[in-house]
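**Q** this one's structure only:
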């Protein structure tokens, strides 16, 4: 309590502000999720319910923190991008990281029964987190490109691995041995030639991950001009110089009639190419 003789202990707390005018990325990873997925019988190679639960927790983060403009998730991992000008918690490292991690974890537990109605949660799941700062938009784009490339590599391996086990009759040890040292082309060939699986037709959710994005759109507002104001505008457009002068003298100050609306969307698309970013310039402004 402030003002007591014990308040001096506050001085031992170290300041931990993050660098200003840098992009903040918070990445969370499931702690011990290999065991958790086994103990709760997750479908292999991908469990739709588990991925939807992760997406739900990510949306809860974005609903709570308006300065998070983008999130990317794969498997038991999620990354959150704060806009460059974010001032959340005065950019205190510990406060941002602990709150994001705890809210995501609590949402995951709270909504478990919604996605796994017949599977009792045997013990508390947990997530660890880290904060990374990036100085420019290029590093941010490269970061998310890296995570999506990782999604593709991991999912191609897992899809081939579990096809060998579930359909090919191999043990997990044999399947690992079969895939050791193979390149992407070989894995594609194994899937198609042995199991009739065209990997390019596997759900984009599994191949590309989940992109939770704060979308912006503008809608025109009704300005509700009276007859005189409308006349002034017509005069300005249709009459000569004197008409323009008269119209501008009587016309009220111009107002911006656009209103920006935001919504949160979950997408499963390419984030490596330019199109995603070029159509959403506000993400990196």
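**A** Cool, got the structure. Bear in mind that the values here come from a model prediction, so they are computed numbers and not experimental data.
**Q** now do stretch 112-121, average pLDDT.
**A** The pLDDT scores in stretch 112-121 average 98.
**Q** least confident secondary structure element in the chain?
**A** helix 227-238 (a mean of 35; mean pLDDT, DSSP states H and E).
**Q** now the strands: where do they sit in the chain?
**A** With DSSP state E as the criterion, the chain has strands at 23-31, 68-74, 77-82, 126-134, 210-220, 258-267.
**Q** now the ones you listed as TSV including distance to residue 50 and mean pLDDT?
**A** C-betas here are computed from N, CA, C, even on glycine. Supplementary listing: those in TSV, determined by distance: least, Cβ to Cβ, whole Å; pLDDT from 0 to 100:
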stretch	distance to residue 50	mean pLDDT
strand 23-31	10	98
strand 68-74	11	98
strand 77-82	12	98
strand 126-134	13	98
strand 210-220	12	82
strand 258-267	15	84
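**Q** which one of these lies nearest to residue 156?
**A** Closest approach to residue 156 among those (Cβ to Cβ): strand 68-74, 12.5 Å.
**Q** who are the packing partners of the closest one?
**A** helix 48-64, strand 77-82, helix 137-166, strand 210-220 (3 or more Cβ pairs under 8 Å, 6 or more residues apart in numbering; DSSP states H and E).
**Q** make it 10 Å
**A** Strand 68-74 is packed against strand 23-31, helix 48-64, strand 77-82, helix 137-166, helix 204-208, strand 210-220, strand 258-267, with contacts defined by 3 or more Cβ pairs under 10 Å, 6 or more residues apart in numbering; DSSP states H and E.
**Q** got the angle between the second one and strand 23-31?
**A** Orientation note: helix 48-64 sits at an angle of 140 degrees relative to strand 23-31 (axes from the mean of the first three to the mean of the last three Cα atoms, to 10 degrees).
**Q** orientation of helix 48-64 relative to strand 258-267 in degrees?
**A** Helix 48-64 and strand 258-267 are oriented at 160 degrees to each other (the same axes, to 10 degrees).
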